[in-house]
Structures are given as structure tokens and as C-alpha cells.
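In: Got a predicted structure here, sequence first:
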There are 2 protein chains.
Amino acid sequence: MCAVLRAFGWQDPSDGDKQLRKVEDGKEEEVKGMKKFVKRDFPVEDVRRFLEPGPIVLVSSAWKGERNMMTMGWHMIMGEDPSLVGCFIWDQNHSRELVRKSKECVINVPTVDIATKVVKVGNSSGREIDKFAEFGFTALPGKHVKAPLIGECFANFECKLIDSSLINKYSLFVFEVVKAHVAQVPKFPKTIHYRGSGLFMLSGPTTNRYRKLFKPEML
Amino acid sequence: MCAVLRAFGWQDPSDGDKQLRKVEDGKEEEVKGMKKFVKRDFPVEDVRRFLEPGPIVLVSSAWKGERNMMTMGWHMIMGEDPSLVGCFIWDQNHSRELVRKSKECVINVPTVDIATKVVKVGNSSGREIDKFAEFGFTALPGKHVKAPLIGECFANFECKLIDSSLINKYSLFVFEVVKAHVAQVPKFPKTIHYRGSGLFMLSGPTTNRYRKLFKPEML
């Protein structure tokens, strides 16, 4: 690895890197299967570690025998205890009614190696296809919600809708994260962050070099 | 530049990089002055380009002769036309009352080269110090708001508070961006994205390699 990469905190190539290079070579379609992650329970009050940096996520839902997923870029942490996340789900999204009626969803965090599929999920509508089957995603059962977890995503956050009063005015769904499943490796996944106009910012290195500057109560 | 960096879309070192290396060498305090950016008007409906990826921002405000700034990591795009941003401003933040009373703020986007000062802003309270003077920031006049723009930040978004009804329940301020000032160089600044626990994710490269996959109406 070159010195400049090390200086910026890049780690040695991981599985994620290998899959990214396949994408860069234009051979993404040749990847036979998407990677599935081995996950562990994760403290719900700490999901900001993965959501606060602003990644594109996949929101999965289920209602009366129907299941769906959608891409979402507009979300924010709104509390840690309870663990609250605000999500913008547009009235043109087929998922909106599934989430509103079931009062549940799963927020799934994809990594860059499946960015092509994430875009295809955003291009398509659950009115016409089952996106799990169409794109080869694995639906896994949740512990506290009936919405399916997406096996090929690095992290899955089971959510309960706790406030529906802002849906009509702002398309804003306020969820409480009630269960979090996070892969142990890599520690910080390479996530994709949307800029509009078809541009993605890819997550760079995570650094602790400023941690010593923080007052403990400000962490 | 090494081939791996090029493969990941990194550009040649810019001023930002040079300042980052100074930080890495532990010599950040030796930098005499912070860089100021030359800015142009930017379409307010496109500010998602800089906010949607989830950077830490500095929120500046003014009320009755007092001015302040605070760090903020919990925010989301809530609309493009009008350009809406939801912001979590905690009731322990001194800025909260300045913003609530003036019904205005500026959202400023800092880059990694001033990360040390961003942490110091977060560590301190406007009840005790003038953070502009203490940390050497330049307060510039806005066009539509009395809150000051921070000259050393890459982008400044002048905001009007359009909905204060969610402040008491969720600490949620809904702002409309009424004027945007953005530096022309670099096109995509190296921003800092908080993960909690004193950890920052640094923004990586921006790529257009997935753009051709998007349906035009999904951009």
C-alpha cells in the first residue's frame, strides 16, 4: 500500500475493496453472489455510528403479504435514548403506505460493493416487482418487526413508527430503533452518500485523531 | 500519486490536503491563518449536494448584539423547492434561543483542515466566550439574514426558520435555505462526518460512475 493511502488512514484491502474494484472494472454483473454479513447485536443507542455520517440506506417493509424496499437518503438521528431516527418517505414511494399501515420498517445500510443494485432499487417500484426476488436480496426475519431484514446489508435496524403526525405535512416518519444487527467486520463499512444528480460520495477513512480534544461530556 | 489513490478517484493534493497533513504531523497550531474561500452564488435547491452526505456543520446565529456558533451533526434535507433542512438543536445549546428568537441562522460547512477548531467550538459555550474571536473565525454579513457567515467555511447557507412547532417536542428546527454561497474550488470539499465517541469519518471521493444507471426522473 502506498504511503499516501496510509497517511489518509486507509486500511489494507478488505472484501469490500475487492468488490469495489470489480465494480470499477465494469464487471459487477459477473459477481456471482452478493456478500452476506455475519452480524451481532448492537446497542440501539449507538446506531448513530452508522447513520449520522449520512449514508444512503434501504428501507424494507411488509404489510398483508406484500414486501418492499426503497432507497432513502434523507434521514437524521433525533435522539439516542430512546434511539430515534427521522426519515423522509415521499408520497410517491410505494413503501410509504406499507410503512404507515404496518407502523414498522427496517433501515438497512448497504456498502459500495452493491451500489449498482441500490440504484436499481431506487429506479424501480414495488407496485410492479418484488425487489427482493428481482435483485437477489435475501429477506431475513426480524426479532421485533415483521418487515424483513436485507441479508446483504452491513447493518439492519428494526424500527417502530412512534409518530405519524408529521407524515402528511413533511413526509417525515419518526421511528424508534428497537433492535440493531451490525456486522463485526469491517468495523467501518464503505458506505455510499448521495449528492443528487447521480453522484455518490464514498465514505473515506474513520479517524480517532481528534478524540483526545473532546471534552468527555461532548462525545 | 499512486495508482490505488487514482483508482479510488482521489484528486491531486489541494490546499485542503496540505492542511490535513499539517494536522497529521501534529503541527496544526503552527498554521498561521485559516484558509478563506472565494465563493459564488449557488442554487438553493441544490444544497443537498453538500448536506445530504451528512457532514458536521457549524450553525451561526445572532440576536440583540450577541453572536454565536455551534457544531451540529443531526440534520437532514426535507425538500428541494422550497429548499428545506431539518436541524436538531438541543435545549442545552446556547444557540438555541438565539436561533429561536431571531428565526434565522447560517449553516456553514467546514472542511477537515479546520477539524480541530470545529471540535473546540463544540467543547465551548457561547455563554462564556465569543467563539468567533476566541478561535479566529471571520464573521461576514449575510444577504438575507443577520446571522453571520463564517468566512473559513467552504459553504454558507442562509436560513429562515419556517416552522418552530417541533422545537419543544423534538428540538427540531425546520429551516428554509434562502441564499447559498459555495466555494468553486475544490468542487467537492473534504468534509468531516461524526460517528459519536470522538470518531470522524472523512469524506472520500465523489464518483459519477453510477450516474448512467439512474432513470432520469430518479436523479
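Out: That came through, no problem. Since the structure is predicted, the reported quantities are computational estimates derived from the model, not experimental observations.

In: any residue of stretch A:86-97 up close to chain B?
Out: Yes - figure legend: stretch A:86-97 in contact with chain B (CB under 8 Å from any CB of the partner chain); contacting residues A:86, A:88. To be clear about C-beta, it is placed using only N, CA and C from the backbone, and glycine gets the same treatment.

In: so who does the residue nearest to A:Gln184 when sequence neighbours are not counted touch?
Out: Nearest-residue entry for A:Gln184: A:Arg40, 5.6 Å, with adjacent residues in sequence omitted and distances by CB to CB, 6 or more residues apart in numbering or on different chains. Neighbour list for A:Arg40: A:181-184 [criterion: CB atoms under 8 Å, 6 or more residues apart in numbering or on different chains].

In: Could you list which of the residues you listed belong to strands?
Out: Restricting the contacts of A:Arg40 to those inside strands, with DSSP state E as the criterion, leaves A:181-183.

In: ok so, going back, what's the closest of the contacts of A:Arg40 to B:Ser164?
Out: B:Ser164 lies nearest to A:Val182 out of the contacts of A:Arg40, by CB to CB, at 35.9 Å.

In: Quick one: residues contacting A:Leu161.
Out: Contacts were defined as CB under 8 Å, 6+ apart; by that measure A:Leu161 touches A:99-100, A:103-105, A:173-175.

In: Oh, that last question was meant for A:Ala147, not what I typed.
Out: For A:Ala147, the contacting residues are A:60-62, A:67, A:102, A:104-106, A:158, taking CB under 8 Å, 6+ apart as the criterion.

In: Rebuild these as a markdown table, extending it with distance to B:Lys117, neighbour count and pLDDT.
Out: Written out in a markdown table, the entries for the contacts of A:Ala147 read as follows (distance: CB to CB, whole Å; neighbours: other CB atoms under 10 Å in any protein chain shown; pLDDT from 0 to 100):
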| residue | distance to B:Lys117 | neighbour count | pLDDT |
| --- | --- | --- | --- |
| A:Ser60 | 40 | 30 | 98 |
| A:Ser61 | 42 | 29 | 98 |
| A:Ala62 | 47 | 20 | 98 |
| A:Arg67 | 47 | 19 | 97 |
| A:Ser102 | 45 | 18 | 98 |
| A:Glu104 | 42 | 22 | 98 |
| A:Cys105 | 38 | 31 | 98 |
| A:Val106 | 38 | 29 | 98 |
| A:Glu158 | 38 | 23 | 98 |
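
In: mind putting the residues you listed in a markdown table, distance to B:Pro53 included?
Out: Formatted as a markdown table, the entries for those read as follows, by distance: CB to CB, whole Å:
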| residue | distance to B:Pro53 |
| --- | --- |
| A:Ser60 | 23 |
| A:Ser61 | 25 |
| A:Ala62 | 30 |
| A:Arg67 | 29 |
| A:Ser102 | 30 |
| A:Glu104 | 27 |
| A:Cys105 | 22 |
| A:Val106 | 22 |
| A:Glu158 | 25 |
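
In: Between all of those, which two are separated the most?
Out: Spatial extent of the contacts of A:Ala147 (CB to CB) is set by the pair A:Arg67 and A:Glu158 at 14.6 Å.

In: backbone phi and psi for the closest residue to chain B within chain A, please?
Out: Per CB to the nearest CB, A:Gly54 is where chain A lies closest to chain B, at 1.8 Å. The phi/psi pair for A:Gly54 (degrees, to the nearest 10) reads phi 90, psi 30.

In: What of A:Arg100?
Out: When quoted as degrees, to the nearest 10, the phi and psi of A:Arg100 stand at phi -60, psi -40.

In: Give me the neighbour count for it.
Out: Other residues within reach of A:Arg100, judged by other CB atoms under 10 Å in any protein chain shown, total 16.

In: you'd agree it is up against A:Leu166?
Out: No - counting by CB atoms under 8 Å, A:Arg100 does not reach A:Leu166; the two are 11.8 Å apart.

In: what's across from A:Gly79 in the sheet?
Out: Per DSSP bridges, the residues bridged to A:Gly79 are A:Leu84.

In: can you pull the pLDDT of it?
Out: Confidence at A:Gly79, expressed as pLDDT, is 97.

In: ok, and for stretch A:119-137, which residues are buried?
Out: Taking 16 or more other CB atoms under 10 Å in any protein chain shown as the neighbour-count basis, stretch A:119-137 is seen to contain the buried residues A:119-122, A:124, A:126, A:131-132, A:135, A:137.

In: And these, which is closest to B:Val85?
Out: Of all the buried residues of stretch A:119-137, B:Val85 sits closest to A:Gly122, with 21.7 Å by CB to CB.

In: Can you tell me the SS state at that closest one?
Out: helix (DSSP: H, G, I helix; E, B strand; the rest coil).

In: Contacts only, for it.
Out: Contacts of A:Gly122 were listed using CB under 8 Å, 6+ apart, and they are A:70-71, B:214, B:218.

In: List just the nearest of these to B:Pro110.
Out: Nearest to B:Pro110 out of the contacts of A:Gly122 is A:Thr71 (CB to CB; 28.0 Å).

In: pretty sure that closest one is touching A:Cys87, no?
Out: No - at 11.8 Å, A:Thr71 and A:Cys87 do not qualify as touching, with contact defined as CB under 8 Å.

In: tell me, what's touching these two both at once?
Out: For the pair A:Thr71 and A:Cys87, residues contacting each of them under the criterion CB under 8 Å, 6+ apart are A:Val59.

In: Now do the strands in chain A.
Out: According to DSSP E, chain A carries its strands in the segments A:39-42, A:57-63, A:66-72, A:75-80, A:83-88, A:104-109, A:139-140, A:149-150, A:155-163, A:172-183, A:192-194, A:200-207.

In: Let's have those strands in JSON lines, adding distance to B:Gln92.
Out: Formatted as JSON lines, the strands of chain A follow (distance: least, CB to CB, whole Å):
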{"stretch": "strand A:39-42", "distance to B:Gln92": "27"}
{"stretch": "strand A:57-63", "distance to B:Gln92": "29"}
{"stretch": "strand A:66-72", "distance to B:Gln92": "29"}
{"stretch": "strand A:75-80", "distance to B:Gln92": "14"}
{"stretch": "strand A:83-88", "distance to B:Gln92": "17"}
{"stretch": "strand A:104-109", "distance to B:Gln92": "27"}
{"stretch": "strand A:139-140", "distance to B:Gln92": "39"}
{"stretch": "strand A:149-150", "distance to B:Gln92": "35"}
{"stretch": "strand A:155-163", "distance to B:Gln92": "22"}
{"stretch": "strand A:172-183", "distance to B:Gln92": "21"}
{"stretch": "strand A:192-194", "distance to B:Gln92": "28"}
{"stretch": "strand A:200-207", "distance to B:Gln92": "26"}
